[in-house]
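K.L.:
take this sequence and fold it.
(2 chains)
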Amino acid sequence: MSEIEIRNLTKRFEVEGNEIVALNDVSLSIEKGDIYGIIGMSGAGKSTLVRTINYLERPTEGSVCINGVNLETLSSKKLREARAEIGMIFQNFNLLEQRNVLGNVCFPLELKNVSRKEAKERAGELLKLVKLEDKEKAFPSQLSGGQKQRVAIARALATNPKILLCDEATSALDPQTTASILALLKDINEKFGITIVIITHQMSVVTEICKKVAIIDNGKLVETGRVEDIFESPKSDAARELISGKSIRYTPVKNLTTNKIIRIVFGENSAYEPVLANAILKLGQPINILKADTRNINGKAVGEMLLGLPEDEKAREDIIAYLRETGLSVEEINDYAG
Amino acid sequence: MLLEGTRDTLYMTLCSAVAGYVLGLPLGVLLYVTGKGGLCPLPVVYRIIDIICNIIRSIPFLILLILLIPFTRFVVGKSYGSTATIVPLVICAAPYIARVVESSLNEVDAGVIEAARAMGASNIQIIFKVLLVEARTSLVTGFTITTGLLLGYSAMSGTVGGGGLGDIAVRYGYYRWQTSIMFITVALLIVVFQIIQMLGTKVARKLDHRKKSKQ
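P.N.:
Modelled structure (predicted):
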């Protein structure tokens, strides 16, 4: 049984008389201890999706089960108890501005009527975990964005949740701070075995720490799987778009229509071999490098290249066959406009 | 006499402010909670309170004072004097306070409320532990403004025998042409107003932790 089981979830909103489908028949299973990324462009419905996991947003159709318990069946009191088992952090941190750091971390414990002394002790431990033990007395307005998010993480962990939801948690942070927050999340996942669900629009966040990923586009789940697999051979337009970081779909293709383009992805083994040079030497055909990039996916170096191939069909097929032979994943791209 | 007048004015203003908040604060919270985007939107309840508040607020205070005479007599036993003035002051202030409270609560970041809900807070907990605490600076500022308004209204009640500085100003300054007393009462009113405003601003600033880093 999966820890989070989302089945045939549909969410419709009524906005000024118009019906908007934010989520359309989404089904998703998230296993215990996973770091699961849900990625999509803004407006794709990912924030709505994460809010249905703790029922801040009630689905119009479908169900959400946490450890086998369907949230729909819970009374409002039981639902609040269930929510306390699911921590959540936000893009804008959402700290209580009139409470200091310690007060913020104690807050969820106060809600559960934990004694003041016990709450303070627990808060102290958590602040040590997020390396802010010297900021106990500071108020949120005196902290940087990264520090605020650390406080929010400590607060979200106060009630010992089994699941942590992160809604664009790093989108308001600079790259270095993002990296440190992601490292903290990874650390928490490993130390406590907490399942982490990360909502983001940044592919780099997913490749950095997620084990699995779901791609959501226009309210629909278009692709799910292991991050390596999707990065290597994305099947949906939305996935390609998020990986390439630019819109492939809607750019008019003009100057490059004659060029045949392939995308190759190479992993750890092939990254050291001069594959392209060998291909050119062996087949005697020109290959044009349009784009090259390497990324770190779960600690493994993965390279990506876009290649322009010659017009001649036979030569093209030879090149593709050769590259496949060397163990690279090759994918033809028909509508790339660099 | 002037000392007594000042004492009566303070008595009326502060008592009606406090009593006004006893009525107005829950009403304001109710407006916020039942309003659009509130914790528990109930459009019908909201409309009813909304309309009542608007009706009372649209009646000029002097008219309300006279309209309420039978009610005042019923509550305090007489219709003149400073204690009697408190009744119409409270009735007048409560809907005003409700509005001020509602707008203060509306300023609280929706994200913070969402975070509290995500932590499993009940609506009651959100009201007492999040809304009223996070909005406290704005609430205190609202209290100061309301108290200033009540000070003015209490003076206005002097025209119908309400007691306090306004009463003195009308009786001696207006009916007996003693301009000097008029000036003194006005000066005293200004001083009282300044003190209230100053205290209010000071408390509000002290309670506010949002901008501490910039001080």
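K.L.:
could you use CA atoms for every contact and neighbour count after this?
P.N.:
OK.
K.L.:
ok, the closest residue to chain A within chain B - contacts?
P.N.:
Proximity of chain B to chain A (Cα to the nearest Cα) peaks at B:Gly120, 4.2 Å away. For B:Gly120, the contact set (Cα atoms under 8 Å, 6 or more residues apart in numbering or on different chains) comprises A:Leu79, A:Arg80, A:Glu81, A:Ala82, A:Arg83, A:Ala84, A:Pro108, A:Leu111.
K.L.:
quick check: mean pLDDT of the helix or strand containing B:Leu105?
P.N.:
Following DSSP states H and E, one finds B:Leu105 within helix B:82-106. Across helix B:82-106, pLDDT averages out at 93.
K.L.:
check which helices and strands that helix sits against.
P.N.:
With contacts defined as 3 or more Cα pairs under 8 Å, 6 or more residues apart in numbering or on different chains; DSSP states H and E, helix B:82-106 has these neighbours: helix B:2-34, helix B:43-58, helix B:61-67, helix B:69-76, helix B:136-156.
K.L.:
now do it against helix B:2-34, angle only.
P.N.:
Taking axes from the mean of the first three to the mean of the last three Cα atoms, to 10 degrees, one finds helix B:82-106 and helix B:2-34 inclined to each other by 40 degrees.
K.L.:
check which element follows helix B:82-106 along the chain.
P.N.:
Assigned by DSSP H and E, the successor of helix B:82-106 is helix B:110-118.
K.L.:
grab the nearest non-local neighbour of the closest residue to chain B within the stretch 151-300 of chain A.
P.N.:
Proximity of the stretch 151-300 of chain A to chain B (Cα to the nearest Cα) peaks at A:Ala156, 7.7 Å away. Leaving aside its sequence neighbours, A:Ala156 sits nearest to A:Gly87 (Cα to Cα, 6 or more residues apart in numbering or on different chains; 4.5 Å).
K.L.:
hmm, back to that, tabulate the helices and strands packed on helix B:82-106 (JSON lines), appending mean pLDDT.
P.N.:
Below are the helices and strands packed on helix B:82-106 laid out as JSON lines (pLDDT from 0 to 100):
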{"stretch": "helix B:2-34", "mean pLDDT": "92"}
{"stretch": "helix B:43-58", "mean pLDDT": "93"}
{"stretch": "helix B:61-67", "mean pLDDT": "89"}
{"stretch": "helix B:69-76", "mean pLDDT": "89"}
{"stretch": "helix B:136-156", "mean pLDDT": "92"}
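K.L.:
could those be laid out in TSV, adding distance to A:Ala238 and mean neighbour count?
P.N.:
Below are those laid out as TSV (distance: least, Cα to Cα, whole Å; neighbours: other Cα atoms under 10 Å in any protein chain shown):
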stretch	distance to A:Ala238	mean neighbour count
helix B:2-34	40	21
helix B:43-58	41	14
helix B:61-67	64	16
helix B:69-76	70	15
helix B:136-156	46	22
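K.L.:
out of those helices, which gets nearest to A:Lys137?
P.N.:
helix B:136-156 (19.5 Å; Cα to Cα).
K.L.:
just checking, next helix/strand downstream of that closest one?
P.N.:
Defined by DSSP H and E, the subsequent element after helix B:136-156 is helix B:164-168.
K.L.:
so which elements touch that following helix?
P.N.:
Packed against helix B:164-168 by the contact rule (3+ Cα pairs under 8 Å, 6+ apart) you find helix B:2-34, helix B:136-156, helix B:179-207.
K.L.:
format these as a markdown table; extra columns: distance to chain A.
P.N.:
What follows is those, written out as a markdown table (distance: least, Cα to the nearest Cα, whole Å):
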| stretch | distance to chain A |
| --- | --- |
| helix B:2-34 | 17 |
| helix B:136-156 | 9 |
| helix B:179-207 | 8 |
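K.L.:
about what we covered before: just checking: what are the partner strands of the strand or helix carrying the residue nearest to A:Ala156?
P.N.:
Taking DSSP H and E as the criterion, A:Gly87 maps to strand A:86-90. Applying DSSP bridges to the sheet, strand A:86-90 is found paired with strand A:163-167 (parallel).
K.L.:
alpha carbons only: can I get whichever helix or strand comes after the partner strand in CSV?
P.N.:
Per DSSP H and E, strand A:163-167 leads on to helix A:175-192 as the next helix or strand towards the C-terminus. Taking Å, rounded to 0.1, in the frame of the first residue of the first chain, the C-alpha atoms of helix A:175-192 are listed here in CSV:
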residue,chain,number,x,y,z
PRO,A,175,20.4,29.4,-6.2
GLN,A,176,22.8,29.0,-3.3
THR,A,177,20.1,29.2,-0.7
THR,A,178,17.9,26.8,-2.8
ALA,A,179,20.8,24.3,-2.8
SER,A,180,21.2,24.5,1.0
ILE,A,181,17.4,24.1,1.6
LEU,A,182,17.3,21.1,-0.7
ALA,A,183,20.3,19.6,1.1
LEU,A,184,18.4,20.1,4.3
LEU,A,185,15.3,18.4,2.9
LYS,A,186,17.4,15.5,1.7
ASP,A,187,19.0,15.2,5.1
ILE,A,188,15.6,15.1,6.8
ASN,A,189,14.3,12.5,4.4
GLU,A,190,17.3,10.3,5.1
LYS,A,191,17.3,10.8,8.9
PHE,A,192,13.7,10.5,9.6
